[in-house]
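Peer 1: Here is the input, now give the coordinates:
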Amino acid sequence: MALWFETRASDSPWVDTVWTCTSEHVAEMTSVATVSWGLVFWECGGTASAGITGPETRTGIAPVPEGATFVGIEFAVGTSLRAVPTPTLVDGGAELPDATRRKFWLDGGRWETPGPDDAEALVDRLVRSGAVVRDPLVGEVHRGHRPAVSGRTVERRFRAATGLTQGAVRQIERVRTAAALLAADVPVTDVVFKLEYFDEPHLARALRRFVGRTARQLRAGTGGAIALDLDQPTTS
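Peer 2: This is a model prediction of the structure:
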């Protein structure tokens, strides 16, 4: 069974990545921790759906309909929905009502359902309408800048915008990078050194908690379908 993922970076300051996915004979997949909230649009058996996804702090198992196609937008850290505080989305999400192939409802408005090539155009419209907002301080902190405010203020605003602590975001981003390196056949010892894990058991614990895979499974491409673009279909 397989999930075929394709992910691209975005040149929009509001968007982290845009992804597409097709499921082929898949009943379930391993979800992977992520720091971003997002919008996802999918179609299966002629029925279109849309939803909001939240940041995820752990790995888990999620059902996947067979023969479904997905388009997803992962938003940049520091952005949020005006109508839905990001902390309420952590380890959850919400389905959007009355979605069709062409339209969906969000924040009291009707919007065109995007394809992978016009995701940024949708985001621009959401930003102009005020449906998507951001805390610029949080984005600056995430990029490594040190603003002239107290650490307590930074942490409070970071939690309000992302639903996560700065430490949790760093942990999740680091282990996702580790998973990609291991899937690209980078030796475990090199990954430990490059990403400054204390030792291999430290990396192994992080992989189990946030990715749901061992280093060996990532290197071999085994373990079943996984919600992570490793530049190849995940098989079992």
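
Peer 1: from here on, contacts and neighbour counts on C-alpha atoms
Peer 2: Will do.

Peer 1: can you tell me which residues contact the nearest residue to residue 92 once chain neighbours are set aside?
Peer 2: Excluding the flanking residues, the one nearest residue 92 by C-alpha to C-alpha, 6 or more residues apart in numbering is residue 54, at 5.5 Å. For residue 54, the contacting residues are 36, 37, 38, 86, 89, 90, 91, 92, 93, by C-alpha atoms under 8 Å, 6 or more residues apart in numbering.

Peer 1: and residue 54, how far is that from residue 37?
Peer 2: 4 Å (C-alpha to C-alpha, to the nearest Å).

Peer 1: again, but for residue 21
Peer 2: For residue 21, the distance to residue 37 - C-alpha to C-alpha - is 17 Å.

Peer 1: do residue 156 as well
Peer 2: 18 Å.

Peer 1: between the two, who's got more neighbours?
Peer 2: Taking other C-alpha atoms under 10 Å, residue 156 and residue 37 do not tie; residue 37 has more neighbours (29 against 15).

Peer 1: Output the contacts of residue 54 in JSON lines; the columns should cover secondary structure, distance to residue 58 and pLDDT.
Peer 2: As requested, the contacts of residue 54 are exported to JSON lines (DSSP: H, G, I helix; E, B strand; the rest coil; distance: C-alpha to C-alpha, whole Å; pLDDT from 0 to 100):
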{"residue": "36", "secondary structure": "coil", "distance to residue 58": "13", "pLDDT": "94"}
{"residue": "37", "secondary structure": "coil", "distance to residue 58": "14", "pLDDT": "97"}
{"residue": "38", "secondary structure": "strand", "distance to residue 58": "17", "pLDDT": "97"}
{"residue": "86", "secondary structure": "helix", "distance to residue 58": "16", "pLDDT": "96"}
{"residue": "89", "secondary structure": "helix", "distance to residue 58": "14", "pLDDT": "97"}
{"residue": "90", "secondary structure": "coil", "distance to residue 58": "10", "pLDDT": "97"}
{"residue": "91", "secondary structure": "coil", "distance to residue 58": "8", "pLDDT": "96"}
{"residue": "92", "secondary structure": "coil", "distance to residue 58": "11", "pLDDT": "94"}
{"residue": "93", "secondary structure": "strand", "distance to residue 58": "14", "pLDDT": "93"}
